[in-house]
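*Asks:* My questions concern the predicted model and sequence given below.
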Amino acid sequence: MGTFYRRLPKFEYLRPKTLDEALSLLKQHGEAVRLLAGGTDLIPQLKGREMTIPRYVIDLKGIPGLTTLAYTKKRELSIGPLTTISAIEDSETVRTHFSPLAQAAASMASPQVRNRGTFAGNICSAVPSADSAPALLSLNAAVKLKSLKGERVVSMDDFFTGPRTTVIRPDEILLAITVPEMAPGGKGVYLKLSPRKAMDLAVVGVAAFGLMEGGVCKDVRIALGAVAPTPVRAPMAEALLRGQKITPGLIDEAAKNAITQCNPIDDHRASAEYRCDMVFAMTRRALQQVFVQEGDQS
């Protein structure tokens, strides 16, 4: 067992007052930098020596305007890089129009961690079990990345490149997460399997969105967490449902197909076989919740 170091390693702490100042520091120091938002992932990793020790840590909390949680005129949600997990969980707008995000936020860690940790930090850490990721994938979210050269928008489908790695370049800051509102009549859900109700990582996470029109599935998105090197969509399972009348048998078929997107690990928390079994069970449950109307068991 590795030794847990309780003291932080030595680094130079920088606290810029503007976004341009932070971007200039990133351009100057590049890969020698780590960004500090909530710190609920970064600080334990530094103490545990679980990463290369950076020469500089740039604290973003001194920059105004980064805690935005706005429901825009385009009927989309804009989440700033310092918006806390608690802010997502407590927002009536999020609960009403972006319910999988609120459910994911409520499932994370403890109230203390949610009060400090950020939604953006959760995806930037890029752990396969991140609760925010499947919910964002199921809602077709995107991220705005900014450097001194300009801005670019990246779909969440293309954001993760591997365990703890993303498309963010050394000179970029995640400026916002944008989430389009669910279509009228659509329904979304995030389900999490973990040994404990709080303070535990997901063994499996499943998010689903479904939209029925004229008795058939007009749109569906299924996203999985903790069962592959990155959070993933299940496009073949989605294709089985799209344009079809939803039946219990078809839901079972799609849930079985979702297992093909899995490449889970065996570890002390769960075996790969168990995770695959739970992908079937939880995907079926999620699809039942988004497609089967209350009282309709046909």
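*Replies:* Great, that's in hand. Numbering: from 1, shown residues only.

*Asks:* Give me the contacts around stretch 154-171.
*Replies:* 23, 26-27, 30-31, 33, 123-128, 133, 136-137, 140-143, 145, 147-149, 174, 229-231, 233 (Cβ atoms under 8 Å, 6 or more residues apart in numbering). No exception for glycine: its C-beta is placed from N, CA and C like everyone else's.

*Asks:* Of these, just the buried ones, ChimeraX syntax please.
*Replies:* Burial among the contacts of stretch 154-171 is assessed by 16 or more other Cβ atoms under 10 Å; the matching ChimeraX selection reads:
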select :23,26,33,123,124,125,126,127,128,133,136,137,140,141,142,143,145,147,174,229,230,231,233
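
*Asks:* Return the subset of the contacts of stretch 154-171 lying in helices.
*Replies:* Mapping the contacts of stretch 154-171 onto helices (DSSP state H) picks out 23, 26-27, 123-125, 133, 136-137.

*Asks:* right, and V206 touches V279 too?
*Replies:* Yes: contact criterion Cβ atoms under 8 Å: V206 and V279 qualify, at 7.0 Å.

*Asks:* ranges for the helices of this protein?
*Replies:* 19-29, 42-47, 85-90, 92-97, 99-106, 111-116, 119-125, 132-138, 235-241, 248-258, 272-291.

*Asks:* by contact count, what packs against the fourth one?
*Replies:* When you say that, I think you mean helix 92-97. strand 69-71, strand 76-79, helix 99-106 (3 or more Cβ pairs under 8 Å, 6 or more residues apart in numbering; DSSP states H and E).

*Asks:* Need the winner for burial among these.
*Replies:* helix 99-106 (a mean of 24; mean count of other Cβ atoms under 10 Å).

*Asks:* A120 and T178 touch, don't they?
*Replies:* No: at 11.6 Å, A120 does not count as touching T178 under the criterion of Cβ under 8 Å.

*Asks:* Now do the shared contacts for the two.
*Replies:* In contact with both A120 and T178: I79, using Cβ under 8 Å, 6+ apart.
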